[in-house]
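A.B. asks: Could you look at this predicted model? Sequence included:
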Amino acid sequence: MDASATFWFPCDVGACRTARQVVREFLGSSGWRGSHEDAIVIVSELFENAVRHAHSDVQILVQLHGPLLRMEVHDSDRSTNVRVTPPTAAGGYGLRLIQSLSCDWGWSRETEGKVVWAELLAIPT
Amino acid sequence: MSGPSFSPSQPDILRLQAAVLVARRSRSQSTSARSMSRELRLTAADLRERARIERRGIDRSEAEADFALRGQFGERVVCASFTGGRLSCDPELETQARLLVALGERFVGDGRSVQASLEDGWLPALLTLMRACDRVLRSEVRYRAPGR
């Protein structure tokens, strides 16, 4: 079962709620059997990080390959490194959450920005 | 002139050492509790701040976006697209979507509820059409900056 969804959103934290809603509906309509709530938290954190730190429009790519769900968030900032830092009043919880909820995550630079991704696996019941 | 000499007994020394250990442990526990409390306060502050920003944020994506959708409906692959506020849709999928609208379907999440509709902008239309499909195969949403 393969399916994909691509969403381009403006650099606007307010759009995060809409992003969560369309990704939630996409997951529900695609029949993926993993934890939708974990996936939504991850997308939300990736999206907010891109808006807050990269200050750029955001492309969300959600791909299903059988039980594997891969979520990518692309932004147009090449200068910032993505790293887990100790939490402070200003933040620092997002990547920790992603790290603990996903089975794998990472980031890489692209020609015109960077991508941060996370993967979740649906465990057969 | 020398004062009275004080030579504590062994039990006195042990009592003193025990008191010091208890005081140290108590100080360490309270330090750790303070640190935990600080961390929780930071987490709560962060969550409050995020909620505040989200509430205040103007969701420009809701105003202007186009989408394309491909899904499975029965044995068939069906398509829909929404461009410049105009919906174009496979008739079978549209019939199913209109049925959802008539049934008053709602999309609930994040403390808000979106009513199923094909006439109230891209978001309700996309959610309604996605649900009308048996399975979504591909979906693309592109925010359109005003005036573009």
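C.D. replies: Okay, I see it.
A.B. asks: What are the boundaries of the strands in chain B?
C.D. replies: In chain order, chain B shows strands spanning B:65-73, B:76-83, B:86-89, B:106-109, B:112-115, B:135-143, with DSSP state E as the criterion.
A.B. asks: looking at those, which is closest to residue A:52?
C.D. replies: Ranking the strands of chain B by proximity to residue A:52 (Cβ to Cβ) places strand B:135-143 first, at 17.8 Å. Where you see a C-beta, it was placed from the backbone N, CA and C, and this is true even at glycine.
A.B. asks: Render the CA-only coordinates of the closest one in CSV, please.
C.D. replies: Written as CSV, here are the backbone C-alpha positions of strand B:135-143 (Å, rounded to 0.1, in the frame of the first residue of the first chain):
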residue,chain,number,x,y,z
ARG,B,135,-8.5,5.4,0.0
VAL,B,136,-6.5,8.4,-0.8
LEU,B,137,-3.6,7.7,-3.1
ARG,B,138,-2.2,11.1,-3.7
SER,B,139,-2.9,14.6,-2.4
GLU,B,140,-1.3,17.9,-3.1
VAL,B,141,-2.1,21.2,-1.5
ARG,B,142,-0.4,24.4,-2.5
TYR,B,143,-0.8,27.6,-0.7
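A.B. asks: That strand vs chain A: in contact?
C.D. replies: Yes - where contact is defined by Cβ under 8 Å from any Cβ of the partner chain, part of strand B:135-143 touches chain A, namely B:135, B:136, B:137, B:138, B:139, B:140, B:141, B:142, B:143.
A.B. asks: Just the buried ones from the residues you listed?
C.D. replies: Neighbour counting over those (16 or more other Cβ atoms under 10 Å in any protein chain shown) leaves B:136, B:137, B:138, B:139, B:141, B:142, B:143 as the buried ones.
A.B. asks: Now for these: which two are most distant?
C.D. replies: Considering Cβ to Cβ, no two members of these lie farther apart than B:137 and B:143, which are separated by 21.9 Å.
A.B. asks: so what's residue 107 bridging to?
C.D. replies: I went with chain A, as the question did not name one. Taking DSSP bridges, one finds residue A:116 as the beta-bridge partners of residue A:107.
A.B. asks: my question was about chain B
C.D. replies: Applying DSSP bridges to residue B:107, the residues it is bridged with are residue B:114.
A.B. asks: Is it in contact with residue B:117, as I believe?
C.D. replies: No - Residue B:107 is beyond contact range of residue B:117, at 10.3 Å (criterion: Cβ atoms under 8 Å).
A.B. asks: mind listing the helices for the chain?
C.D. replies: No chain specified, so I'll use chain A. In chain order, chain A shows helices spanning A:15-30, A:36-49, A:94-101, with DSSP state H as the criterion.
A.B. asks: meant chain B, my bad for not saying
C.D. replies: B:10-56, B:60-63, B:91-102, B:122-132.
A.B. asks: possible to save the residues of strand B:135-143 next to chain A as a markdown table with pLDDT?
C.D. replies: As requested, the residues of strand B:135-143 next to chain A are exported to a markdown table (pLDDT from 0 to 100):
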| residue | pLDDT |
| --- | --- |
| B:135 | 92 |
| B:136 | 94 |
| B:137 | 94 |
| B:138 | 94 |
| B:139 | 94 |
| B:140 | 94 |
| B:141 | 93 |
| B:142 | 91 |
| B:143 | 85 |
